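# Below is the sequence, then the predicted model.
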Amino acid sequence: MSSEKLVIIPTYNEKENAERIVRKVMALNGDFHMLIIDDGSPDGTAQIVKKLQTEFQHRLHIIERSGKQGLGTAYLTGFKWALAHHYQYIFEMDADFSHNPDDLPRLYEAAVNGADVVIGSRYSNGISVVNWPIGRVLMSYFASKYVRFVLGVKVHDTTAGFICYRRRILEKIDLDHIHMKGYGFQIEMKYTAYKLAGKLQEIPVIFIDRKEGASKMSGGIFSEAFWGVIKLRFRTIKNKTGA
């Protein structure tokens, strides 16, 4: 393994996007590696990825889990795998092209230049969301405003899921004590990094809603985030490394 960069993508029923997203990331300059975390997709997503592994040996990896276990647990599994395999820059990205793979080098560059958490932000330069109903845009936008107000995190897009973490900040976070699963997970990770004196930086991106496959959004995700933010406000965050 020669690369220092790993892109983690959770999947559930992404057969329409799986091969395209793998080939797109693999075609980027910079030798990005990929880890797919598949939650037992009945549509054969994992089989598509495993077939591609013969073409992208040592760069494409997959962890198969039984049943839908949540976005947060998928990323936590991926983070632990990335740390165990000595990656230095660990990315979160969706499989459905709502996050443009061409932006990965921009996130990487910001991390190389000193940021611990680089956020591909929909709201740092106005609202950069395409194909979402206006109600969903407003809910997401004001959810981030709410989090910023309650937690004091100086981030415009606190629920963003297009992120680059430096290894050094993930090593400080006690991943076994990250509790939220959906959008709440994204908030909890950013807040924890912030409380551990991590440098957070936003890079403007354009978010384009999926064209293929079904959205995994649910009302419960927003409910968890709303109440979870209040609990986070009163939680003590400790550095795992003791530094």
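Perfect, I can see it now.

# So which elements touch the helix or strand containing F142?
Per DSSP states H and E: F142 is located in helix 134-151. In terms of contacts (3 or more CB pairs under 8 Å, 6 or more residues apart in numbering; DSSP states H and E), helix 134-151 is packed against helix 183-195, helix 219-233. Every residue, glycine included, has its C-beta placed from N, CA and C.

# try 6 Å this time
On a contact count with 3 or more CB pairs under 6 Å, 6 or more residues apart in numbering; DSSP states H and E, helix 134-151 meets helix 219-233.

# Tell me where the chain has helices.
With DSSP state H, the ranges of helices along the chain come out as 18-26, 45-53, 71-84, 104-112, 134-151, 167-172, 183-195, 219-233.

# these two touch, right, S41 and Y12?
Yes - S41 lies in contact with Y12 (CB atoms under 6 Å); the separation is 5.3 Å.

# So which of these two has more stuff around it?
When neighbours are counted by other CB atoms under 10 Å, S41 and Y12 differ, and Y12 comes out ahead with 22 against 19.

# Could you pull up the residues touching that one?
Neighbouring residues of Y12 by CB atoms under 6 Å, 6 or more residues apart in numbering: D39, S41, K68.

# The last one against D39, yeah?
To tie it back to what came earlier, the one meant is K68. Yes - assessed by CB under 6 Å, K68 is found in contact with D39 at 4.9 Å.

# Counting neighbours, go ahead and name the busier of those two.
When neighbours are counted by other CB under 10 Å, D39 comes out ahead of the other of K68 and D39, with 21 against 15.
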